[in-house]
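Visitor: For reference, the sequence and a predicted model appear below.
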Amino acid sequence: MSGVISHEFEYLKPKNLDELVDFLTQYKTKAKILSGGTDLIVRIKDGFESPEVLIDIKGIGELKELKFNGNSLFIGASVTFNELIDSEVVRERYPLLWEASKSVASTAIRNRATLVGNICSAVPSLDSGPALLDYEAEVILKSRNGERKVNINEFFLGPRKTVLKEDEFVYGVLIPFINRKNGSAYVKLGRYNGEDLAQVGIGILVVEGKEYRVAHCAVGPVAARARKVEQLLNGKDLNDSLIEEAKKLIVEEISPITDIRATKEYRIHMAKIMLERGLKAAVDRLNGKGPKYGERLI
Ligand SMILES: Cc1cc2nc3c(=O)[nH]c(=O)nc-3n(C[C@H](O)[C@H](O)[C@H](O)COP(=O)(O)OP(=O)(O)OC[C@H]3O[C@@H](n4cnc5c(N)ncnc54)[C@H](O)[C@@H]3O)c2cc1C
């Protein structure tokens, strides 16, 4: 992060959810929620955002909860990536999310950056996207009018656009537990190790019974599932010719652009290679073999 914040804003720190709801009802689009600030503060400094009010949610205890009840994992809005990495439940039962969390930025950023801030930023390269999409996570939204749940597959509308209404906030994310043997892999391509956003991200989840879930980020306007690839793979054993077919198909499902981090052609080329490595690693892990979770696959 560089530069100074050159415009003035009011800073509010609600102590509980009722106060947060009151502030959001009062200020609507004039306000921005401040969580870890690793995205928002950079954007304010760079002049891309100029909210009149910042509502800091870090004082609300309820939003810090990380709870597993045997059927699902609740991740409160203020839970950071390092808290996810340190959680035994996440490491043991949601290894795809654990692996994706480890790939985010650096320890320093992960100490502040939250998973919910990541999805609310809704950038195409968000590293939590593929894991949440594969796990079919539900996003819990709250406002004065109550609560609604949105499947993560319907949450993103475009780059930096979500279904969040002006007086709503994300309370947390609920991830169902898959009670069958599964193996997974998050393959992230960056320009270097450490604080770099994904040039391509591929998340694979293979569930016992030959069920394949494949999602990607940074190769389209939003992170999304690759449904055609899934359809091709479902019910089949993985082998070289099937992988070749899947590699051809993924090109139809992504629409990468050329930007400062990579060309469109490079992204397409690498997405195919990453799909292959991710599928092989996930199937191997399902069978108790393969690279350890957290080991770089590209
Ligand atoms: C050096 C650096 C490296 C980075 N590397 C990565 C990386 O490798 N991978 C990656 O995916 N990202 C990366 N990021 C981006 C950023 O760290 C993540 O997106 C992070 O998860 C954002 O979380 P936060 O808590 O800091 O969000 P904030 O910056 O506080 O908020 C982000 C946005 O979400 C909104 N928001 C936050 N919480 C809520 C809520 N509960 N309800 C409604 N709206 C909300 C805010 O108003 C804001 O618009 C990096 C950033 C930096 C500065």
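Guide: That came through, no problem.
Visitor: if I look at Glu195, how far off is the ligand?
Guide: Distance of Glu195 to the ligand, computed by CB to the nearest ligand atom, to the nearest Å: 4 Å. In short, each C-beta sits where N, CA and C put it, glycine included.
Visitor: my guess is that residue meets Thr107, correct?
Guide: No: with contacts counted by CB atoms under 8 Å, Glu195 stays clear of Thr107, the gap being 10.3 Å.
Visitor: now the helices for the stretch 151-298 of the chain?
Guide: Here the stretch 151-298 of the chain has its helices, by DSSP state H, counting those that start in this stretch, at 227-233, 240-253, 264-286.
Visitor: Quick check: phi and psi at whichever residue of the stretch 1-150 of the chain sits closest to the ligand.
Guide: When scored by CB to the nearest ligand atom, the stretch 1-150 of the chain has Gly117 as its residue closest to the ligand, at 2.3 Å. Phi and psi for Gly117, reported as degrees, to the nearest 10, are phi -60, psi -40.
Visitor: Within range of the ligand, give me the residues from the stretch 151-298 of the chain.
Guide: Proximity of the stretch 151-298 of the chain to the ligand, by CB under 6 Å from any ligand atom, involves residues Leu164, Phe169, Val170, Glu195, Leu197.
Visitor: export those residues to TSV and tack on pLDDT and neighbour count?
Guide: Shown next, in TSV, are those (pLDDT from 0 to 100; neighbours: other CB atoms under 10 Å):
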residue	pLDDT	neighbour count
Leu164	98	19
Phe169	98	23
Val170	98	25
Glu195	75	11
Leu197	90	19
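Visitor: right, and out of the residues you listed, which lies closest to Phe23?
Guide: Of all these, Phe23 sits closest to Phe169, with 9.8 Å by CB to CB.
Visitor: Among the residues of the stretch 151-298 of the chain next to the ligand, name the ones in strands.
Guide: Phe169, Val170 (DSSP state E).
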